[in-house]
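>>> sequence first, then the predicted structure:
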Amino acid sequence: MRLALILVAIFSLALPAAAIARDRDHDGLPDRWERKHNLSTKKKSANGDPDRDRVDNGNELRQRTNPRDRDTDNDRRRDGREDADRDKLSNAAEDATGNDPRGPDTDDDGVTDGRENAGTVLAYSGGVLTIDLANGATISGTVVDETEINCSTETEAERRHRGRARASARMAQDEDDEPLDPGEENEDEDPSWDEDDPLPGEGDDPFGPDLGDDLAGDGDGGGDKGRACPESALHRGARVHEARVVSTPAGNLFRSVALVR
């Protein structure tokens, strides 16, 4: 018994402070941090934004910024307008679309968040979806029967990405650092459209392997999984976590759209 108590004490000391920090309201914000910034320890406040800088308290904690000061570093730029991870997506945009403001590639798919078409739905009519991108541009394309439409809450998206990031870090430690065989890294480079391939809607799969360029840049079109949701979720103002688009001779097609509700 005495030995067991000693081992438990040693293990507890080895845990990171964040892992054993008390969080009575279970909102992901340690009580000590909430008290320091005059936030409630009895009511969930992770999604609150008392300083109105468009970054919620949960992300202020991750960014190590002050939830009561809209310009923590006093550089005359609000915390929401900063780009802490330099992925071309502002902290406020990352927050609104369920991305991680401290990780340039939230879903660890090899494509930075700023290139994954995060933003808000500008219009959806006649099967054509237009997204007002967080970087100020817009993108349009057709939603077809095969388009995957998924939904998550902001909290679910952020938890999923943090879990994925931890898993990827563990896997990276175990991977062999062996070079690729000659030519292996260019094996799938430069996909092209064959004139004999069916046009969208004429074949069994409009998203075949030779469909053309994937505008998100990753080529897999997998998107970020959430719960399947109806086409009606693509209403004006809906927040887009990411959208995968492919370019075809008939125009852009949406492979998948992941929404934050």
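Structure's in. What do you need? Numbers count the residues shown, from 1 in each chain.
>>> the nearest residue to Lys42 once chain neighbours are set aside and Arg77: what is the separation?
The shortest distance from Lys42 to any non-neighbouring residue, by Cβ to Cβ, 6 or more residues apart in numbering, is to Asp25 (5.6 Å). The C-beta positions use only the backbone N, C-alpha and C, and glycine is treated the same way. Going from Asp25 to Arg77 by Cβ to Cβ, to the nearest Å gives 31 Å.
>>> give me every residue that touches the closest residue to Asn47 other than its chain neighbours.
Excluding the flanking residues, the one nearest Asn47 by Cβ to Cβ, 6+ apart is Asp56, at 5.0 Å. For Asp56, the contact set (Cβ atoms under 8 Å, 6 or more residues apart in numbering) comprises Ala46, Asn47, Gly48, Asp49, Asp95.
>>> helix, strand, or coil at the first one?
Meaning Ala46. At Ala46 the chain is in coil, as set by DSSP: H, G, I helix; E, B strand; the rest coil.
>>> returning to what we had before: the residue nearest to Lys42 - that's part of a strand, no?
No - per three-state DSSP, Asp25 lies outside any strand segment and is coil.
>>> pop out the phi and psi values for it.
When read as degrees, to the nearest 10, the backbone of Asp25 gives phi -100, psi 0.
>>> tell me the pLDDT of it.
On pLDDT, Asp25 comes in at 90.
>>> ok, it - how many residues close by?
16 (other Cβ atoms under 10 Å).
>>> swap in Glu60?
Glu60 has 29 nearby residues by other Cβ under 10 Å.
>>> and the pLDDT for it?
On the pLDDT scale, Glu60 gets 93.
>>> next: Arg261.
Per the predicted model, pLDDT is 85 at Arg261.
>>> how about the closest residue to Asp53 other than its chain neighbours, what does it touch?
Spatial nearest neighbour of Asp53, excluding adjacent residues (Cβ to Cβ, 6+ apart): Arg70 at 3.7 Å. Applying Cβ under 8 Å, 6+ apart, we find Arg70 in contact with Asp51, Arg52, Asp53, Arg78, Asp79, Gly80.
>>> between these, which is nearest Val128?
Gly80 (30.6 Å; Cβ to Cβ).
>>> return the distance of the closest one relative to Ala243.
22 Å.
>>> so between these two, which is more surrounded?
Legend: neighbour count by other Cβ under 10 Å for Gly80 and Ala243, higher for Ala243 (27 against 24).
>>> that one - that's part of a strand, no?
Yes - assessed with three-state DSSP, Ala243 lies in a strand.
>>> chain neighbours aside, what residue packs nearest to it?
Spatial nearest neighbour of Ala243, excluding adjacent residues (Cβ to Cβ, 6+ apart): Asn117 at 4.1 Å.
>>> cool, Thr147 as well?
Phe254 (4.8 Å).
>>> buried stuff in the helix or strand that contains the one you found?
Secondary structure from DSSP states H and E places Phe254 in strand 251-260. The neighbour-count check on strand 251-260 (16 or more other Cβ atoms under 10 Å) flags Asn252, Leu253, Phe254, Arg255, Ser256, Val257, Ala258, Leu259, Val260 as buried.
>>> now, which of those sits nearest Cys229?
Leu259 (6.8 Å).
>>> contacting residues for the closest one?
Shown in contact with Leu259 (Cβ under 8 Å, 6+ apart): Ile149, Asn150, Cys151, Ser152, Gly226, Cys229, Ala233, Leu234, Ala238, Arg239, Val240, His241.
>>> the residue lying closest to it once chain neighbours are set aside: which element?
Spatial nearest neighbour of Leu259, chain neighbours left out: Cys151 (4.8 Å); criterion: Cβ to Cβ, 6+ apart. Per DSSP H and E, Cys151 falls inside strand 138-152.
>>> packing partners for that strand?
Counting contacts by 3 or more Cβ pairs under 8 Å, 6 or more residues apart in numbering; DSSP states H and E, strand 138-152 is packed against strand 128-133, strand 227-228, strand 239-248, strand 251-260.
>>> mind doing that once more with 7 Å?
Strand 138-152 sits against strand 128-133, strand 227-228, strand 251-260, with contacts defined as 3 or more Cβ pairs under 7 Å, 6 or more residues apart in numbering; DSSP states H and E.
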